[in-house]
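S.K.: Generate coordinates for the sequence data below:
(one chain, ligands or ions: 2)
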Amino acid sequence: MFAMETKIMHKKRLLSGIKPTGKMHLGNYLGAVSNWVRLQEEFDSCFMIADLHALTTVYEHPEELKKDKIDLAVDLLSAGIDPEKSCLFFQSDVLEHSELHLILSMITPLSWVTRVPSYRGMLDEEKGSSLNTYGFLGYPVLQAADILLYKGDVVPVGKDQLPHLELTREVCRRFNYLYANIFPEPEDRLTNYPVIPGVDGRKMSKSYQNTIAVSHSEKETGNLIMKMLTDPARKRRTDHGNPDICPLYEYHKIYNTKIRQQVIADQCRSAEIGCVDCKKECVSLINESLREVRKRREYFLQNPQQVNAVLKDGAKKARVIAGKTINEVRKAVGLI
Ligand code: TRP
Ligand code: SF4
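M.R.: Ligands and ions are numbered 1, 2, ... in the order given. Coordinates of the predicted model:
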């Protein structure tokens, strides 16, 4: 009876992280963070601002990192991460991440990390650049440490992160096999969200400089959308359009009602509606949906001490969990 009661009361642990590399944009918000906000109701949640992970790519720009960390904290709180329900913290405030990363790196075969697709892909893309470092190779091992340190059961991520989750599970099994059954195998929780197009029609991403940030004003949002790429074949108002290949129409699919979507698609094809009006409708929907978030953002910007206190308290809570795990790990591997 008692065992059953405790089981009912015990929520599963959820862990996720986001890198502070620039302002939170609609892609991050719709694809990941709004999902976290929902999931925090159901799980015992830890959300981490992965500043050490950011350092793997922005190590040449310390001032940027410093600013981006705080900005992201403000954005996450504004988006609705609730410190009463979840633990929100900076990864580097919990030293155990670094220690577990180092210990896990001892048992991770080199071939497991060199074959991770994001590693290969980024190195190819950047062509012999600043990413050719020891730290960047260890990126997924640090991520494994993040997850295992909190004995995370569930990890909400986008598709691009699945190889990192797979590596986490492999490292987890190897650790449990070599030493002691300390870690549960984490499960991924895919966010079923379509790719959010940026203003140039490519995937919205900071590296393409095509983002609409949550922190943009309503006017800035309007200007960005009004400049956005549409059906490239529709040059004149009288040309018939094709919503299926129009990046802006993706926003209607996200923000508009099913009925309006159909009307717009029909009117686009028959040239009854022009792109300017179509965009205006879209701008008001986006701005409407972000109004509360932006209002909270103003509040947190004016109360930075409150943001700092939340992060400090989050780190304190995280350290309690992380400290317990690292102690078990030290014992298991023979350090104590
Ligand atoms: N690598 C993740 C990303 O780029 C961020 C991240 C860091 C993360 N640590 C994590 C995600 C732990 C989930 C769990 O999106
Ligand atoms: Fe795209 Fe709307 Fe223009 Fe059609 S009317 S091409 S959906 S912006």
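
S.K.: in what helix or strand does the one residue in the chain that gets nearest to ligand 1 lie?
M.R.: In the chain, the residue that lies nearest ligand 1 is residue 17 (3.0 Å; Cβ to the nearest ligand atom). Just so you know, the C-beta spots here come from the backbone N, C-alpha and C atoms, and that holds for glycine as well. Per DSSP states H and E: residue 17 is located in strand 13-18.

S.K.: got a list of contacts for that strand?
M.R.: Here strand 13-18 makes contact (Cβ atoms under 8 Å, 6 or more residues apart in numbering) with 28, 32-33, 36, 39-40, 43-50, 53, 72, 76, 91, 143, 146-147, 150-157, 186, 189.

S.K.: how about the CA coordinates for it, as PDB?
M.R.: What follows is strand 13-18, C-alpha atoms only, in PDB (Å, rounded to 0.1, in the frame of the first residue of the first chain):
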ATOM      1  CA  ARG A  13      12.300  13.300 -13.900                       C
ATOM      2  CA  LEU A  14      12.600  15.400 -17.100                       C
ATOM      3  CA  LEU A  15      15.700  17.100 -18.200                       C
ATOM      4  CA  SER A  16      16.400  19.400 -21.100                       C
ATOM      5  CA  GLY A  17      18.900  22.000 -22.100                       C
ATOM      6  CA  ILE A  18      19.200  25.000 -24.500                       C
END
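
S.K.: looking only at pLDDT, what's the mean for that strand?
M.R.: Averaging pLDDT along strand 13-18 gives 97.

S.K.: ok, then the element right after that strand?
M.R.: Where DSSP H and E defines the elements, the next helix or strand beyond strand 13-18 is helix 26-28.

S.K.: Check the offset of that following helix from the chain's centre.
M.R.: 8 Å (Cα atoms, centre = their mean, to the nearest Å).

S.K.: From the contact counts, what lies against the helix or strand that comes right after it?
M.R.: Note on helix 26-28: by DSSP H and E, the next helix or strand toward the C-terminus is helix 34-39. Helix 34-39 makes packing contacts with strand 44-49, strand 154-157 when contacts are defined by 3 or more Cβ pairs under 8 Å, 6 or more residues apart in numbering; DSSP states H and E.

S.K.: just those strands: most buried one?
M.R.: The highest mean neighbour count among the helices and strands packed on helix 34-39, using mean count of other Cβ atoms under 10 Å, belongs to strand 44-49: a mean of 25.

S.K.: Keeping just the C-alphas, turn that strand into PDB.
M.R.: The C-alpha coordinates for strand 44-49 follow below in PDB (Å, rounded to 0.1, in the frame of the first residue of the first chain):
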ATOM      1  CA  ASP A  44       9.700  16.900 -12.100                       C
ATOM      2  CA  SER A  45      11.500  19.100 -14.500                       C
ATOM      3  CA  CYS A  46      15.100  20.500 -14.800                       C
ATOM      4  CA  PHE A  47      15.800  23.000 -17.500                       C
ATOM      5  CA  MET A  48      19.400  23.900 -18.100                       C
ATOM      6  CA  ILE A  49      20.900  26.900 -19.800                       C
END
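
S.K.: other SSEs contacting the next helix or strand after it?
M.R.: Going down the chain from strand 44-49, the next helix or strand is helix 51-58, by DSSP H and E. Packing partners of helix 51-58 (3+ Cβ pairs under 8 Å, 6+ apart): helix 62-79, helix 134-137, helix 139-149.

S.K.: now what about helix 51-58, what contacts it?
M.R.: By Cβ under 8 Å, 6+ apart, helix 51-58 touches 17, 19-21, 64-65, 68-69, 90-92, 97-98, 130-131, 133, 135-136, 139, 142-143.
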